[in-house]
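>>> turn this into a model:
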Amino acid sequence: MLRTLVAGARRCIRAMSAVTMQKPEVVFILGGPGAGKGTLCRYIVEHYGYVHLSAGDLLREERAKPCSEYGELIETHIRNGTIVPVEITCSLIDRAMQTSENPHHRFLIDGFPRNQDNLDGWTKMMADKVILKGVIFCECSEEVCTQRCLKRGASGSGRSDDNEQSLVLRHQTYLKNTLPIIEMYEQQGLVYKVNSMKTPEEVFQDVAEFFPKIGW
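Below is the predicted model of the structure:
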């Protein structure tokens, strides 16, 4: 009887440990500024139960905190269209995943990694902690991206970088730094492309066709 109880207890401990040690599953959502990444994430969250983590939103939330030691630094980078140090971004993403109550441990990370430094930092700090399921690449022309961002800014988005001057810098940063990261993941067979110049509903319909390959 005692051996049976002990064996049962051990099985319970192993089962609890397996749940505790379950690695978060991550899908990166990449594309230019205004490519529709956030909108697509809302559809995926609604239909597939993922949690949407926007690197930009996490940084803006941190910037808005009165006592944040990184607030001024983050604001300078956002205003200038440059990229915040990767250690800050990774720590905010990691904290958001750890504090999430999502039972499936599945996350969409929107707008990250954006350059080689981001990728190197992610590999160093996070790669062993998560399972990367794939990368959804929202393809959209610079003209459409710009018009979307300007419209968003005119409607009161509250984003200091939704203006023409910042958008020029952001597009240059995207073309120079982010596209090579997408191409690298494509060589690994992890990239799923979608034409995000369509309506949000049409974009999601296209994504729904390949999303089972990513896993949900």
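>>> okay, and the residue nearest to the spatial centre of the chain sits in which element?
Central residue of the chain (C-alpha atoms, centre = their mean): residue 109, 1.5 Å from the mean position. Using DSSP states H and E, residue 109 maps to strand 106-110.
>>> okay, now the sheet partners of that strand, with direction.
Here strand 106-110 has these sheet partners by DSSP bridges: strand 25-31 (parallel), strand 51-54 (parallel).
>>> which residues of the chain fall in helices?
2-20, 37-48, 55-64, 71-80, 86-99, 116-125, 142-154, 164-173, 179-187, 200-214 (DSSP state H).
>>> buried deepest among the strands paired with strand 106-110, which one?
strand 25-31 (a mean of 24; mean count of other C-beta atoms under 10 Å). Glycine gets a C-beta too; all of them are placed from N, C-alpha and C.
>>> run the angle between that strand and helix 179-187 for me.
130 degrees (axes from the mean of the first three to the mean of the last three C-alpha atoms, to 10 degrees).
>>> change the start of the numbering to 29 and stick with it
Shifting the count to begin at 29 puts that one at strand 53-59.
>>> distance between strand 53-59 and the chain's centre?
5 Å (C-alpha atoms, centre = their mean, to the nearest Å).
>>> now what about the strand holding residue 137, what contacts it?
Counting contacts by C-beta atoms under 8 Å, 6 or more residues apart in numbering, the residues outside strand 134-138 that touch it are 52-57, 65-66, 69, 72-73, 76-85, 121, 125, 128, 158, 244.
>>> ditto for stretch 178-190
61-62, 88, 103, 106-107, 109, 177, 191-192, 194-195, 198.
>>> who wins on neighbours among those?
Using other C-beta atoms under 10 Å as the neighbour test, the contacts of stretch 178-190 are led by residue 61, with 26 neighbours.
>>> surely it is in contact with residue 202?
Yes. Here residue 61 reaches residue 202: they are 6.5 Å apart, a contact under C-beta atoms under 8 Å.
>>> tell me what the strand ranked longest in the chain is packed against?
As assigned by DSSP state E, the longest strand anywhere in the chain is strand 159-167. Contact here means 3 or more C-beta pairs under 8 Å, 6 or more residues apart in numbering; DSSP states H and E; on that basis strand 159-167 packs against strand 53-59, helix 65-76, helix 207-215, strand 219-223, helix 228-242.
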